[in-house]
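A.B. asks: test case, fold it:
(one chain, ligands or ions: 2)
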Amino acid sequence: MSSSPRLPDARGPLTEALFDHLQGGSPRLPAPDPEADDPLIGDDFHLALHVAYDLAYRGFEGIDDGYEWDLDVLRFRRGLEDAFETALRAESRAQPSEVGHVDARATLTRIATEPVGPSLSTYVEEHATRMQLEEFLIHRSAYQRKEADPHTWGLPRLDGPAKAAFVEIQADEYGEGRPGEAHADLFAVTMSAFGLDPTYGAYVGALPGSTLATGNLISLFGLQRRLLPCLIGHLALFEMTSVGPMGRYVQAIRRLGGTGEAQRFYEVHVEADVRHAEIARDRLVGSYVDEHPEHAAEVVFGAESLSAVEGRFTAHLLATWTADQSSLRERILAGAA
Ligand SMILES: [Fe+2]
Ligand SMILES: [Fe+2]
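C.D. replies: Ligands and ions are numbered 1, 2, ... in the order given. You can find the predicted model right below:
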């Protein structure tokens, strides 16, 4: 089994109670309080959910693997998941035209092409300092060092042409089984090229809730089978909105003096995701909604949620950077404000 990261520091009542329990304390795990900690971006909320989920990925150094299925942890996780999902659905209901009978492919294409506020990749391409680019890599490491894994939970829940399409995308994400070629491994190369620590989970303690929410969203959709259509919508929009930004990150790395190997993660995506976008929209979503038209609105909800969560992630980075501040919770890069 791969090595496990260290448990980060607790940062509020939810993580304090969870980490105490994981380290052998009695299970006094509170329910989340949406008034005190926003289920969409709360720092304590999303670290607690991230740790609860990561028990199902790599676990944590010194924490008994049995806690993955500990009933108190699962009950606690469900409380967080329900609050997160409720908040996401409240936003989604703001668009009543999406409810009811939906053409999922056309709606996803519209979401992928409509402007959604300031572009993070354009800022990084044109304006980011080297330190901001490194912060960007640190933010993305929480998901990209396990890239593809949260979507893979969907595979055993599918069959037929939709499963074949999903497998084709995931096979590329895992580098067709070639050691070191999985996209998660290529991201480690990019991190190392910038002098960052590519160890799985190395920077989780520095990440705000708005960043951890991007990964938690996929685990939410991946780990609950009833949310499979949301997972499909998430993956499809993910692939459909990848090529432009990935190309801009290549340019940013070039402008800031990054090496060819630092660019490779992004170059691979520019090439692969043209095809992945077509497979995801036409064969994955297409086959799935042809067979399950009643789930089309849920496919769209999954895509909308990705767009909303990414919007908050972008807003935080741009707001802090344009105010000359670090976007991380801790100053871990030399020169950070
Ligand atoms: Fe990828
Ligand atoms: Fe892809």
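
A.B. asks: so which strand or helix has the residue of the stretch 101-250 of the chain found nearest ligand 2?
C.D. replies: Relative to ligand 2, the nearest point of the stretch 101-250 of the chain is residue 239 (5.0 Å; Cβ to the ion). All C-beta spots, glycine's among them, are computed from the backbone N, C-alpha and C. Using DSSP states H and E, residue 239 sits in helix 228-240.

A.B. asks: what about that helix, near ligand 1?
C.D. replies: No. Using Cβ under 5 Å from the ion, we find that helix 228-240 stays clear of ligand 1, coming within 8.6 Å at best.

A.B. asks: follow-up on the earlier one: wait, doesn't the residue of the stretch 101-250 of the chain closest to ligand 2 sit right on residue 277?
C.D. replies: Yes. Using Cβ atoms under 8 Å, residue 239 is in contact with residue 277, at 4.7 Å.

A.B. asks: before we move on, what SS does residue 56 have?
C.D. replies: Following DSSP: H, G, I helix; E, B strand; the rest coil, residue 56 is assigned to coil.

A.B. asks: so how far is residue 138 from it?
C.D. replies: Separation of residue 56 from residue 138 (Cβ to Cβ, to the nearest Å): 23 Å.

A.B. asks: ok, now how distant is the closest residue to residue 203 other than its chain neighbours from ligand 1?
C.D. replies: Distance criterion Cβ to Cβ, 6 or more residues apart in numbering; nearest residue to residue 203, sequence neighbours excluded, is residue 138 at 4.7 Å. Taking Cβ to the ion, to the nearest Å as the measure, residue 138 falls 18 Å from ligand 1.

A.B. asks: tell me what the helix or strand residue 138 falls within is packed against?
C.D. replies: Using DSSP H and E, residue 138 maps to helix 130-144. With contacts defined as 3 or more Cβ pairs under 8 Å, 6 or more residues apart in numbering; DSSP states H and E, helix 130-144 has these neighbours: helix 120-126, helix 183-193, helix 209-223, helix 296-322.

A.B. asks: the last one - contacts with which helices or strands?
C.D. replies: Okay, so that is helix 296-322. Packed against helix 296-322 by the contact rule (3+ Cβ pairs under 8 Å, 6+ apart) you find helix 71-92, helix 104-113, helix 120-126, helix 130-144, helix 209-223, helix 228-240, helix 286-291.

A.B. asks: so which of the ones you listed gets nearest residue 322?
C.D. replies: Of all those, helix 120-126 sits nearest to residue 322, with 8.6 Å by Cβ to Cβ.

A.B. asks: and the contacts of that closest one?
C.D. replies: With Cβ atoms under 8 Å, 6 or more residues apart in numbering as the test, helix 120-126 has contacts from 132-133, 136, 244-246, 248-249, 251-252, 255, 313-314, 317-318, 321.

A.B. asks: buried residues in it?
C.D. replies: Under the neighbour-count criterion of 16 or more other Cβ atoms under 10 Å, helix 120-126 has 120, 121, 123, 124, 125 buried.

A.B. asks: who touches residue 64 in this structure?
C.D. replies: Contact analysis of residue 64 by Cβ under 8 Å, 6+ apart lists residue 22.

A.B. asks: and it, what's its pLDDT?
C.D. replies: What the model reports for residue 64 is a pLDDT of 98.

A.B. asks: same list (the buried residues of helix 120-126) but as TSV, adding distance to residue 31 and pLDDT.
C.D. replies: As requested, these are exported to TSV (distance: Cβ to Cβ, whole Å; pLDDT from 0 to 100):
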residue	distance to residue 31	pLDDT
120	33	97
121	38	97
123	38	98
124	38	98
125	43	98
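
A.B. asks: could those be laid out in a markdown table, adding distance to ligand 1?
C.D. replies: Converted to a markdown table, those look like this (distance: Cβ to the ion, whole Å):
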| residue | distance to ligand 1 |
| --- | --- |
| 120 | 17 |
| 121 | 15 |
| 123 | 22 |
| 124 | 18 |
| 125 | 19 |
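
A.B. asks: please, which helix or strand holds whatever residue of the stretch 151-300 of the chain ends up closest to ligand 2?
C.D. replies: Using Cβ to the ion, residue 276 is the residue of the stretch 151-300 of the chain that sits closest to ligand 2, at 3.8 Å. Element membership for residue 276 (DSSP H and E) is helix 260-278.

A.B. asks: quick check: mean pLDDT of that helix?
C.D. replies: Here the average pLDDT along helix 260-278 is 96.

A.B. asks: does it reach ligand 1?
C.D. replies: No. Shown here: helix 260-278 not in contact with ligand 1 (Cβ under 5 Å from the ion), separated by at least 5.5 Å.
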